[in-house]
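*Asks:* Please find the sequence and the predicted model below.
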Amino acid sequence: MRIVILGKTGVGKSYLANTIVGEQLFTVGSTLSSETSECRAETRSVNGRSITLVDTPGLFDTHKPEEELKSEIVRCIMECAPGPHAFLIVLKVERFTEHEQAVFTRINRYFSEEVFRYATVVFTHGDQLPERQTIEDLVQQNRRVRDLVRRCGGRCHVIDNRYWNRNSEDEYRSNRFQVEALLNTLDEMVRENNGRYYTNEMLQAVQQMINQEEERIRLSSRMRQRSEGQARRDVFRRLA
């Protein structure tokens, strides 16, 4: 399963990726600045599933220039070609502002409305969740968040960045419990989508260019040892 993690800088995307795989694969920043400077993909076996996670920089930070954003989207697409089975849209458990709304407007613009059929909302900083309250309860309190989760088929989960890795009497407030629930949700979503992965014209164009580059490399005796990874880098340079 190929999973792309989307969200603003500082919401905990890298921490979420590490929590899912159960090891420190991705660098987590200690400040509001992002430690992830470019898209990075890692594949691991998680609870019997082969999962490729694509950690992204703050792709949809509203201060980013359009050209820089497009370049990173191309890189992200190449990391998960021929296409992702799932997107995780990451938010903090906190007040939903116009900045978050702008992020989803950009997601819709660059990936199309179809992306939400493959998306799940994941909240971080679950320790901010009031006692005895579930994330579904919190979602219902904000119309814009409620509408976003509804567009994602009602799929939402929560993890914590500080305390929920410890043993807890409350099963709900456990990252282990939440990760397994998230993976089950993604399994069900993939089944509902008949195993298809998300694609659009940009994804198809990039995959076609990668295939053409790989074929050119195979036909060139001087470049016979070059890998698929080199082909991807060549395509990115042409598109960036």
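*Replies:* Right, received. Where do you want to start?
*Asks:* From now on I want contacts and neighbour counts done on CA atoms only, so please keep to that.
*Replies:* OK.
*Asks:* quick one: residue 55 from residue 45, how far?
*Replies:* 16 Å (C-alpha to C-alpha, to the nearest Å).
*Asks:* Actually, residue 136.
*Replies:* 29 Å.
*Asks:* Break this structure down into its structural domains.
*Replies:* With domains defined by automatic domain parsing, the chain comprises 2-199, 200-240.
*Asks:* Just name the most buried of those domains.
*Replies:* Mean neighbour count (mean count of other C-alpha atoms under 10 Å) peaks for domain 2-199 among those, with a mean of 18.
*Asks:* now that domain, how far from the chain's geometric center?
*Replies:* Between the centre of domain 2-199 and the centre of its chain there are 5 Å (C-alpha atoms, centre = their mean, to the nearest Å).
*Asks:* Report the separation between the two terminal residues of that domain.
*Replies:* 12 Å.
*Asks:* With stretch 120-128 instead?
*Replies:* 20 Å.
*Asks:* Not counting its own residues, what contacts it?
*Replies:* The contact list for stretch 120-128, computed with C-alpha atoms under 8 Å, 6 or more residues apart in numbering, reads 11-12, 16, 86-94, 149, 152-153, 155-164, 173, 186.
*Asks:* go again using 7 Å as the cut-off
*Replies:* For stretch 120-128, the external contacting residues (C-alpha atoms under 7 Å, 6 or more residues apart in numbering) are 12, 87-93, 149, 152, 155-161.
*Asks:* and these, which of them are in helices?
*Replies:* Judged by DSSP state H, helices contain the following of those: residue 149.
*Asks:* need the contact list for residue 199.
*Replies:* residue 83.
*Asks:* State the three-state secondary structure for it.
*Replies:* At residue 199 the chain is in coil, as set by DSSP: H, G, I helix; E, B strand; the rest coil.
*Asks:* distance of residue 180 from residue 84?
*Replies:* Distance of residue 180 to residue 84, given as C-alpha to C-alpha: 20 Å.
*Asks:* same deal with residue 92?
*Replies:* Applying C-alpha to C-alpha to residue 92 and residue 84 gives a distance of 23 Å.
*Asks:* Likewise for residue 146?
*Replies:* 24 Å.
*Asks:* And for residue 19?
*Replies:* 19 Å.
*Asks:* repeat for residue 55
*Replies:* Residue 55 is 12 Å from residue 84, by C-alpha to C-alpha.
*Asks:* Mutual contacts of these two, please.
*Replies:* residue 4.
*Asks:* Quick check: closest non-adjacent residue to the residue minimising distance to the centre of the chain.
*Replies:* Centroid check for the chain by C-alpha atoms, centre = their mean gives residue 5 as the closest residue, at 1.2 Å. Spatial nearest neighbour of residue 5, chain neighbours left out: residue 88 (4.8 Å); criterion: C-alpha to C-alpha, 6 or more residues apart in numbering.
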